[in-house]
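J.: any chance you could fold what I've pasted below:
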Amino acid sequence: MAKKKSFVLRLNPEVYKKVEKWAADEFRSTNGQIEWIITKALKNAGRYKEKDKN
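T.: Residues are numbered from 1 along each chain as shown. A predicted model of the protein is given here:
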């Protein structure tokens, strides 16, 4: 498994609640959902390729 970087993320409480609900609906952790959202946005913007995982 690849190493992961830890950092603090501050979110508006309402945004967090919506992400938390979305994660539960898709059987993911909130952290996993945020990672999925960011990865999807990077791919959509052409800034992420599978070989870039490092």
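
J.: restrict the longest helix anywhere in the chain to CA atoms and write it as PDB.
T.: Of all segments of type helix in the chain, defined using DSSP state H, the longest is helix 30-44. In PDB, the C-alpha atoms belonging to helix 30-44 read as follows (Å, rounded to 0.1, in the frame of the first residue of the first chain):
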ATOM      1  CA  THR A  30     -15.600  10.300   5.100                       C
ATOM      2  CA  ASN A  31     -11.800  10.500   4.600                       C
ATOM      3  CA  GLY A  32     -12.100   8.000   1.700                       C
ATOM      4  CA  GLN A  33     -14.900  10.000   0.100                       C
ATOM      5  CA  ILE A  34     -12.900  13.200   0.300                       C
ATOM      6  CA  GLU A  35      -9.900  11.400  -1.300                       C
ATOM      7  CA  TRP A  36     -12.200  10.000  -4.000                       C
ATOM      8  CA  ILE A  37     -13.700  13.500  -4.700                       C
ATOM      9  CA  ILE A  38     -10.200  15.000  -5.100                       C
ATOM     10  CA  THR A  39      -8.900  12.200  -7.200                       C
ATOM     11  CA  LYS A  40     -11.900  12.400  -9.500                       C
ATOM     12  CA  ALA A  41     -11.500  16.200  -9.800                       C
ATOM     13  CA  LEU A  42      -7.800  15.800 -10.700                       C
ATOM     14  CA  LYS A  43      -8.600  13.200 -13.400                       C
ATOM     15  CA  ASN A  44     -11.400  15.400 -14.800                       C
END
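
J.: count of residues packed around residue 33?
T.: Neighbourhood size, residue 33 [other CB atoms under 10 Å]: 19. All C-beta atoms are positioned from the backbone trio N, CA, C, and that covers glycine.

J.: I'd assumed residue 19 was in contact with it.
T.: Yes - contact criterion CB atoms under 8 Å: residue 33 and residue 19 qualify, at 5.7 Å.
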